[in-house]
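S.K.: what's the 3D shape of this:
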Amino acid sequence: MALSATIYKTRLNVSDLDRHYYGAHALTIACHPSETPTRLMARLIAFIDNAHDDLAMTRGLSNDDEPDLWLQAEDGRTRLWIELGEPSLKRIKQGLSRAERVRIYPYSPRSAEQWWKKLGADVSALSRVEVWNLPAEPLAALTERVSRNLALDATLMEGEWLITDGTASVSLALEPWHQSDTSAQQR
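M.R.: Now for the predicted structure:
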């Protein structure tokens with residue numbers, strides 16, 4: 001018998017003072033049985049970092065043809081393709097062939113560093129790709145807050161997120177491993 005997805009209801013209030021984006025998002029997230037709470041939180045952080053009214057979580061682990069999140073324009077174009085973890089170079093190029101930009105969020109310290117040593121030069125040679133590492137300690141602190149009904153407030157000021165669930169606050173500064181030439185304009 002196959003295991004079914006676990007459903008998480010999440011309310012996010014995002015105040016991105018750097019981009020002047022302010023929005024409330026009510027998300028229903030279906031977690032694949034193999035998805036860990038850490039990966040779920042990494043998805044939420046990627047969502048927060050790219051918050052937009054049209055940003056959507058996809059079927060992720062359940063579908064090889066979609067990224068973990070994407071931002072699609074009204075005309076059907078994919079503006080942003082977001083991958084979590086350490087995707088293969090083939091997977092990154094697949095995203096580039098389908099989207100205007102690709103963002104990657106590695107989140108597992110040891111494997112992410114090995115992945116970057118192996119593919120960093122190749123990834124850096126690609127235009128329109130950004131890599132933002134999720135630091136282990138803040139990610140672990142936020143993962144402890146994961147529950148089936150989660151409410152988070154996130155504020156970005158001068159490149160640093162302050163994320164709170166009303167009981168505890170975590171400060172998170174993403175580590176830029178690679179930024180594209182256009183990232184400063186579109187961030």
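S.K.: ranges for the helices of this protein?
M.R.: 37-49, 89-98, 109-124, 136-143, 183-186 (DSSP state H).
S.K.: could you point out which of the ones you listed sits nearest Ser171?
M.R.: Closest to Ser171 of the helices of the chain, according to Cβ to Cβ: helix 136-143, at 6.6 Å. Glycine gets a C-beta too; all of them are placed from N, C-alpha and C.
S.K.: just how off-centre is that closest one within its chain?
M.R.: Put simply, helix 136-143 sits 14 Å off its chain's centre (Cα atoms, centre = their mean, to the nearest Å).
S.K.: likewise stretch 134-152?
M.R.: Computed by Cα atoms, centre = their mean, the chain-centroid distance of stretch 134-152 equals 13 Å.
S.K.: circling back to that earlier point, single out the most deeply packed of the helices of the chain.
M.R.: helix 37-49 (a mean of 22; mean count of other Cβ atoms under 10 Å).
S.K.: the nearest residue to Ala26 once chain neighbours are set aside bridge partners, please.
M.R.: Take Ala26 and drop its neighbours on the chain: the residue closest to it by Cβ to Cβ, 6 or more residues apart in numbering is Arg11, 5.5 Å away. Per DSSP bridges, the residues bridged to Arg11 are Ala26, Ala151.
S.K.: ok, now which ones touch the residue most central in space within the chain?
M.R.: In the chain, the residue lying closest to the centroid (Cα atoms, centre = their mean) is Ala46, at 2.1 Å. Ala46 is in contact with 68-69, 82, 84, 103, 105, counting by Cβ atoms under 8 Å, 6 or more residues apart in numbering.
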